[in-house]
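*Asks:* how would this look folded up:
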Amino acid sequence: MKQVILDTSFILTCVKQKIDFFEEIKLLGIQIIIPKQVIKELKGISDSKKKLHFREDANLSLEILKKYKFKEVDLKVKNVDEAIKRFAEKNKNVLVATLDQGIKNKINNSKLIIRQKKKLEIF
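*Replies:* Have a look, this model is predicted:
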(Lines give C-alpha, C1' and ligand atoms only; values in the text may rest on other atoms or scores of the structure.)
Protein backbone atom coordinates (compact mmCIF):
# COMPACT_ATOMS: atom_id res chain seq x y z
CA MET A 1 0.00 0.00 0.00
CA LYS A 2 1.27 3.45 -0.88
CA GLN A 3 1.90 5.87 1.96
CA VAL A 4 2.07 9.66 2.27
CA ILE A 5 3.68 11.68 5.05
CA LEU A 6 1.96 14.99 5.80
CA ASP A 7 3.62 18.11 7.14
CA THR A 8 2.08 20.96 9.10
CA SER A 9 1.82 23.41 6.20
CA PHE A 10 -0.02 20.88 4.06
CA ILE A 11 -2.58 20.10 6.76
CA LEU A 12 -3.19 23.77 7.63
CA THR A 13 -3.56 24.77 3.99
CA CYS A 14 -6.03 21.95 3.29
CA VAL A 15 -8.09 23.05 6.29
CA LYS A 16 -7.94 26.72 5.26
CA GLN A 17 -9.00 25.89 1.70
CA LYS A 18 -11.68 23.42 2.87
CA ILE A 19 -10.11 20.41 1.16
CA ASP A 20 -11.24 17.09 2.64
CA PHE A 21 -7.72 15.72 2.40
CA PHE A 22 -8.36 12.56 4.46
CA GLU A 23 -11.17 11.45 2.15
CA GLU A 24 -9.29 12.36 -1.04
CA ILE A 25 -6.17 10.50 0.07
CA LYS A 26 -8.27 7.53 1.15
CA LEU A 27 -9.92 7.44 -2.30
CA LEU A 28 -6.43 7.27 -3.83
CA GLY A 29 -5.78 4.15 -1.71
CA ILE A 30 -2.94 5.77 0.19
CA GLN A 31 -2.18 5.36 3.90
CA ILE A 32 -1.58 8.62 5.80
CA ILE A 33 1.45 9.04 8.04
CA ILE A 34 1.62 12.01 10.40
CA PRO A 35 4.70 12.60 12.54
CA LYS A 36 4.20 13.25 16.26
CA GLN A 37 6.25 16.40 15.70
CA VAL A 38 3.62 17.74 13.25
CA ILE A 39 0.86 17.14 15.79
CA LYS A 40 2.98 18.93 18.39
CA GLU A 41 3.42 21.88 16.00
CA LEU A 42 -0.35 22.06 15.43
CA LYS A 43 -0.94 22.05 19.20
CA GLY A 44 1.65 24.80 19.60
CA ILE A 45 -0.05 26.95 16.97
CA SER A 46 -3.48 26.38 18.53
CA ASP A 47 -2.14 27.49 21.93
CA SER A 48 -0.15 30.46 20.62
CA LYS A 49 -0.94 34.13 20.69
CA LYS A 50 -0.61 34.36 16.90
CA LYS A 51 -3.35 35.55 14.62
CA LEU A 52 -6.78 34.14 15.36
CA HIS A 53 -7.22 32.46 11.95
CA PHE A 54 -3.98 30.47 12.45
CA ARG A 55 -5.23 29.24 15.83
CA GLU A 56 -8.65 28.38 14.38
CA ASP A 57 -7.10 26.44 11.48
CA ALA A 58 -4.82 24.56 13.89
CA ASN A 59 -7.72 23.75 16.23
CA LEU A 60 -9.83 22.49 13.34
CA SER A 61 -6.86 20.45 12.07
CA LEU A 62 -6.52 18.76 15.46
CA GLU A 63 -10.26 18.02 15.52
CA ILE A 64 -10.04 16.44 12.07
CA LEU A 65 -7.07 14.31 13.15
CA LYS A 66 -9.13 12.95 16.05
CA LYS A 67 -11.83 11.71 13.65
CA TYR A 68 -9.65 9.75 11.23
CA LYS A 69 -7.26 6.84 11.40
CA PHE A 70 -3.67 7.42 10.38
CA LYS A 71 -0.25 6.05 11.19
CA GLU A 72 1.56 8.21 13.74
CA VAL A 73 5.37 8.09 13.70
CA ASP A 74 7.97 9.59 15.99
CA LEU A 75 10.77 10.94 13.82
CA LYS A 76 12.96 11.62 16.88
CA VAL A 77 14.22 14.93 15.51
CA LYS A 78 13.09 18.32 16.80
CA ASN A 79 13.29 20.07 13.43
CA VAL A 80 10.20 18.74 11.64
CA ASP A 81 11.35 19.72 8.14
CA GLU A 82 14.67 17.93 8.60
CA ALA A 83 12.90 14.90 10.08
CA ILE A 84 10.51 14.63 7.11
CA LYS A 85 13.42 15.01 4.70
CA ARG A 86 15.32 12.17 6.42
CA PHE A 87 12.21 9.97 6.53
CA ALA A 88 11.66 10.51 2.80
CA GLU A 89 15.29 9.70 2.01
CA LYS A 90 15.02 6.40 3.92
CA ASN A 91 11.60 5.56 2.43
CA LYS A 92 11.84 6.32 -1.28
CA ASN A 93 8.34 4.98 -2.05
CA VAL A 94 6.61 7.33 0.40
CA LEU A 95 4.86 10.37 -1.05
CA VAL A 96 5.54 13.68 0.70
CA ALA A 97 2.71 16.19 1.21
CA THR A 98 4.22 19.60 1.88
CA LEU A 99 4.10 23.18 0.68
CA ASP A 100 7.60 23.86 2.01
CA GLN A 101 9.89 24.58 -0.96
CA GLY A 102 12.93 23.68 1.13
CA ILE A 103 11.66 20.14 1.63
CA LYS A 104 10.37 19.82 -1.94
CA ASN A 105 13.72 20.81 -3.42
CA LYS A 106 15.77 18.50 -1.18
CA ILE A 107 13.94 15.22 -1.80
CA ASN A 108 13.44 13.04 -4.85
CA ASN A 109 10.25 11.34 -3.63
CA SER A 110 6.96 11.91 -5.40
CA LYS A 111 4.88 14.67 -3.85
CA LEU A 112 1.21 15.11 -3.06
CA ILE A 113 0.35 18.69 -3.95
CA ILE A 114 -2.64 21.01 -3.88
CA ARG A 115 -3.80 22.05 -7.36
CA GLN A 116 -5.97 25.09 -8.02
CA LYS A 117 -6.62 25.52 -4.28
CA LYS A 118 -9.12 22.68 -4.22
CA LYS A 119 -7.72 19.40 -5.53
CA LEU A 120 -4.94 17.00 -4.53
CA GLU A 121 -2.60 15.59 -7.15
CA ILE A 122 0.44 13.31 -7.12
CA PHE A 123 3.42 14.99 -8.78
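*Asks:* Show me what counts as buried in the lengthiest helix in the chain.
*Replies:* For the chain, the helix with the greatest residue count under DSSP state H is helix 52-67. Across helix 52-67, burial judged by 16 or more other CB atoms under 10 Å covers Asp57, Ala58, Asn59, Leu60, Ser61, Leu62, Leu65. All C-beta atoms are positioned from the backbone trio N, CA, C, and that covers glycine.
*Asks:* Now the terminal residues of stretch 1-10, how far apart.
*Replies:* Stretch 1-10 has an end-to-end distance of 21 Å (CA to CA, to the nearest Å).
*Asks:* Which stretches in this structure count as helices?
*Replies:* Along the chain, counting by DSSP H, helices occupy 8-16, 21-27, 36-47, 52-67, 80-90, 101-106.
*Asks:* sorry, back to before: redo the buried residues of helix 52-67 as TSV? Include distance to Gln31 and pLDDT.
*Replies:* Output for the buried residues of helix 52-67, formatted as TSV (distance: CB to CB, whole Å; pLDDT from 0 to 100):
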residue	distance to Gln31	pLDDT
Asp57	24	94
Ala58	24	96
Asn59	25	96
Leu60	23	97
Ser61	19	97
Leu62	20	98
Leu65	15	97
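*Asks:* Which one of these is nearest to Ile11?
*Replies:* Ser61 (5.1 Å; CB to CB).
*Asks:* who are the neighbours in contact with the closest one?
*Replies:* Contact analysis of Ser61 by CB atoms under 8 Å, 6 or more residues apart in numbering lists Ile11, Leu12, Val15, Leu42.
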